[in-house]
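Enquirer: okay, structure incoming, though there's no sequence with it:
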C-alpha cells in the first residue's frame, strides 16, 4: 500500500478524515475525485482556499465569519440594533437568516458551556457579549441555542450576568411541539413545556 | 442570505458540491468546518493541494496516479512483468493491492466504454494498453473490471483487438457467489455463471 499511494494523497485523505462525519472511505473517495477530476479542481480549490485565508475574518463585534470587519450585519443600517440574537455557531446565523423572521443583530458564542467536554464560560465568546449588551443599548437578548442541557446551562449562565440591567428583555426561541408533530408521541418534557408555555392565540392572530 | 454569506464560502461550497455523493447540505457543513476549524485547516489544505498540483502525475506507462513517472509499480523490479491487470480507475489499483494477491503490472483505463454516456473506445486509455501488451512481452492480460454491461463490453472490445497475439492468456476476475453469500437469494445471472464456471477444487487445494 504505502509504496503505491503517493504521500500527498494520503495527506489529503488524512486532513479530510478529521472532518466530523467523513470516514476513511469517504475521505479516500473525495481525495481521488479531487485529484482525478478533469476540470482542474485542485487549482480551483487552491484559489478559493487562498481567497478564504486572505479575506475571511471573524467580525470583532459579533463573532460571525465575514469578508468585512465589522460584518455586513453589524454594519447594516437596516437592522434593528436594539435586539441581539445569541447563537452557538456561524451556521446558526445563516439558518436563522434563511427564515426571514429576524432582523436584529447577532452574537456568535463559538460553542456552549459543556462541563463534560471541559468547556467553561471563559472558553466561549461571552465577555464580549456582555460588553455589547451593556454598551449598545440592547433592549432584548434573544437566545437561539439548542434546547439541550448545554444550551440551557449556557443561557442560564449568561442570563445571570444580565440580571442587573434594567428593562432588558431576555427571550428564548419557542420550544414546543414541532409543526407536523404529534402530541401522542411527543416526549413528556417537550409536551410539559408546550403546555406550560402555551401561546395566547389572541396575541398572534 | 447572499449579503451575509461571503462569496468565498459560497465558492468553496459550490466546488465541493460537484463531488458525487456530496449534497448542498454536506458541502455547507464541510466548508464551515474547514473555515472555522481551529487547527489551521485552510493552510494545511492549501499546502497539500499545492503539493499535489506540483508533484502528482499520471504514469505515462500504466495511467496510474503517482509522484514519479513511471510510477513505483512500473519501475519495481519485484513485480511480475509478464502479467498486466486492466482496471477502470486509479482507486481499483489500490483496492487490488490491498488484497496482496496480485504482483503483476497494471493498466488504468480511466473509464469504461459506455454508449449511454457517450464514452467510446477512443475516450479511454485503450491504444496505449494494446501497445504495451504488444511491446512488453505480456503473457497474460487480466481484466478486473466491474461485471456489469459496460465492463463486459469494454473487456470484449479490448479482447477482440488482442486476438492475433499468439500465446496470450486473457483472463478475468472470477464472478460468482460472494463469500458469505446465499445461493437461494442469488440472482439467476450470477448463479448461472457460478455453475457454468465452477471451480475444480483439485486445482486449488
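Expert: Looks like it came in fine. Every value quoted in this text rests on a predicted model; they were computed, and no experiment measured them. Residues are numbered from 1 along each chain as shown, chains lettered A, B, ... in the order given.

Enquirer: got the contact list for residue A:148?
Expert: Residues near residue A:148 by CB atoms under 8 Å, 6 or more residues apart in numbering or on different chains: none. (Glycine included, C-beta is placed from N, CA and C.)

Enquirer: relative to chain B, how far out is it?
Expert: Taken as CB to the nearest CB, to the nearest Å, the spacing of residue A:148 relative to chain B amounts to 19 Å.

Enquirer: now swap in residue A:160 and tell me
Expert: With distances defined as CB to the nearest CB, the gap from residue A:160 to chain B amounts to 28 Å.

Enquirer: neighbours of that residue, how many?
Expert: Around residue A:160 there are 8 other residues, counting by other CB atoms under 10 Å in any protein chain shown.

Enquirer: and for residue A:190?
Expert: Residue A:190 has 16 neighbouring residues, counting by other CB under 10 Å.

Enquirer: that one against residue A:177, yeah?
Expert: Yes: counting by CB atoms under 8 Å, residue A:190 sits close enough to residue A:177 to count as a contact (6.7 Å).

Enquirer: now do the helix with the most length in chain A, average pLDDT.
Expert: When every helix of chain A is counted residue by residue (DSSP state H), the longest turns out to be helix A:41-55. The average pLDDT for helix A:41-55 rounds to 96.

Enquirer: output the contacting helices and strands for that helix.
Expert: Applying 3 or more CB pairs under 8 Å, 6 or more residues apart in numbering or on different chains; DSSP states H and E, one finds that helix A:41-55 makes contact with helix A:24-36, helix B:7-17, helix B:41-55.

Enquirer: for the longest one, what is the distance to the chain centroid?
Expert: To tie it back to what came earlier, the one meant is helix B:41-55. Mean C-alpha position of helix B:41-55 versus that of the full chain (CA atoms, centre = their mean, to the nearest Å) differs by 24 Å.

Enquirer: who does the helix or strand following that helix pair up with?
Expert: Taking DSSP states H and E as the definition, the helix or strand that follows helix B:41-55 towards the C-terminus is strand B:57-58. Each strand that strand B:57-58 pairs with, and the sense of that pairing, follows from DSSP bridges: strand B:65-66 (antiparallel).

Enquirer: show residues contacting the strand it pairs with.
Expert: Around strand B:65-66, the neighbours that count as contacts under CB under 8 Å, 6+ apart are A:4, A:6, A:9, A:35, A:36, B:56, B:57, B:58, B:59, B:71, B:72, B:90.

Enquirer: tell me which two of these sit farthest apart.
Expert: Greatest spatial distance in those: A:36 and B:72, 17.9 Å, computed using CB to CB.

Enquirer: is residue A:19 in contact with residue B:33, as I believe?
Expert: Yes: under the contact definition of CB under 8 Å, residue A:19 touches residue B:33, with a separation of 5.0 Å.

Enquirer: which positions within the helix or strand harbouring residue A:170 qualify as buried?
Expert: Element membership of residue A:170 [criterion: DSSP H and E] is strand A:169-172. The neighbour-count check on strand A:169-172 (16 or more other CB atoms under 10 Å in any protein chain shown) flags A:170, A:172 as buried.

Enquirer: stretch A:72-90 too?
Expert: A:72, A:73, A:74, A:79, A:83, A:84, A:85, A:86, A:87, A:88, A:89, A:90.

Enquirer: restrict the residues you listed to those near chain B?
Expert: A:72, A:73, A:89, A:90 (CB under 8 Å from any CB of the partner chain).

Enquirer: tally of neighbours for residue A:143?
Expert: As a burial measure, the neighbour count of residue A:143 was computed by other CB under 10 Å and equals 23.

Enquirer: for the one 10 residues further on, same thing?
Expert: Taking other CB under 10 Å as the criterion, the count of residues near residue A:153 is 16.

Enquirer: which residues touch it?
Expert: A:112, A:113.

Enquirer: can you check residue A:175 too?
Expert: By CB under 8 Å, 6+ apart, the contact set of residue A:175 is A:147, A:190, A:193, A:194, A:197.

Enquirer: now for the longest strand belonging to chain A, which elements pack on it?
Expert: The residue-count maximum for a strand in chain A (DSSP state E) belongs to strand A:80-87. Strand A:80-87 sits against helix A:90-99, strand A:104-108, helix A:126-135, strand A:140-143, with contacts defined as 3+ CB pairs under 8 Å, 6+ apart.

Enquirer: shouldn't residue A:63 be in contact with residue A:111?
Expert: No: here residue A:63 lies out of contact with residue A:111, judged by CB under 8 Å, at a distance of 10.5 Å.

Enquirer: end to end, how far does stretch A:85-92 reach?
Expert: For stretch A:85-92, the first and last residues are 10 Å from each other (CA to CA, to the nearest Å).
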